[in-house]
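Engineer: pasting the structure only:
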């Protein structure tokens with residue numbers, strides 16, 4: 001169904017003039033609404049787009065979408081369903097619910113600022129700050145900030161870290177739709193040290209800097225045309241996380257810069273998957 005929809009879409013699009021090759025971030029950052037239609041993710045997490053995305057309601061009984069001015073509370077219906085379900089699970093841990101950070105743009109694609117990924121409607125950031133209320137005003141959601149679960153220096157947990165954070169991350173990673181979850185290595189090490197039950201889910205918890213104020217959930221692809229990441233390495237990944245901490249104490253020599261790397265914000269529309277070019281032609 002999705003492929004037929006895109007084929008019809010492509011046939012209805014006028015080709016862009018050769019000189020009209022805008023930055024993809026400017027094109028996709030300008031969409032204010034989803035195109036509707038069949039839900040699908042196309043391309044990769046850091047170079048792709050989405051069709052049929054839906055908007056996470058700004059507020060619900062157990063969640064609130066934050067930074068509404070960004071218009072990034074869109075995603076695949078499975079992502080929205082996952083977030084609602086996880087927010088209900090959070091209330092069983094003593095939280096009022098969840099504060100949901102950036103998901104994706106209405107039609108995915110590169111963003112004008114911030115993330116390299118979050119492009120196909122299958123990524124979401126969830127704040128580490130346990131909500132005191134899910135009745136914040138729109139203005140309050142622009143000004144309030146999350147808090148770090150990592151102490152100054154990056155070697156251990158801050159007072160915010162709790163058993164409920166561990167339980168929430170375990171619940172998220174145990175969902176079969178989840179491919180991986182990115183957290184600061186300190187959080188992963190704490191989970192490795194304190195887990196007393198089944199450790200299989202720890203494989204999905206991946207250490208990554210810059211994820212101490214929020215954790216990043218990534219769902220697996222749902223359709224043809226979507227490019228999954230390679231699976232996480234075998235094992236629980238606990239030694240890898242511990243090595244991240246050791247590297248903060250004794251940093252290794254910097255790795256050589258990749259001369260071929262480009263930030264996704266530099267991609268032109270012509271460099272995006274053909275499905276994304278077709279979507280842009282429907283503006």
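Structural biologist: The structure has been received and is ready for your questions. Keep in mind that this is a model prediction, so the values were computed, not measured.
Engineer: mind listing what the nearest residue to residue 158 once chain neighbours are set aside touches?
Structural biologist: Leaving aside its sequence neighbours, residue 158 sits nearest to residue 151 (CB to CB, 6 or more residues apart in numbering; 4.6 Å). Any C-beta I mention is one placed from the backbone N, CA and C, and that applies to glycine too. If you count contacts by CB atoms under 8 Å, 6 or more residues apart in numbering, residue 151 has them with 157, 158, 186.
Engineer: how close does residue 151 get to residue 161?
Structural biologist: 9 Å (CB to CB, to the nearest Å).
Engineer: the strands in the stretch 51-200 of the chain, which residues?
Structural biologist: With DSSP state E, counting those that start in this stretch as the definition, the stretch 51-200 of the chain shows strands at residue ranges 54-55, 59-60, 63-65, 74-75, 98-100, 123-127, 178-183.
Engineer: using a markdown table, lay out the ones you listed together with distance to residue 91 and mean neighbour count.
Structural biologist: As requested, the strands of the stretch 51-200 of the chain are exported to a markdown table (distance: least, CB to CB, whole Å; neighbours: other CB atoms under 10 Å):
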| stretch | distance to residue 91 | mean neighbour count |
| --- | --- | --- |
| strand 54-55 | 22 | 16 |
| strand 59-60 | 11 | 17 |
| strand 63-65 | 10 | 25 |
| strand 74-75 | 21 | 28 |
| strand 98-100 | 9 | 27 |
| strand 123-127 | 14 | 24 |
| strand 178-183 | 20 | 22 |
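Engineer: include distance to residue 48 and mean pLDDT when you put those into CSV, please.
Structural biologist: Formatted as CSV, the entries for the strands of the stretch 51-200 of the chain read as follows, by distance: least, CB to CB, whole Å; pLDDT from 0 to 100:
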stretch, distance to residue 48, mean pLDDT
strand 54-55, 17, 98
strand 59-60, 27, 98
strand 63-65, 22, 98
strand 74-75, 13, 98
strand 98-100, 21, 98
strand 123-127, 11, 98
strand 178-183, 14, 98
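Engineer: that'll do, ta.
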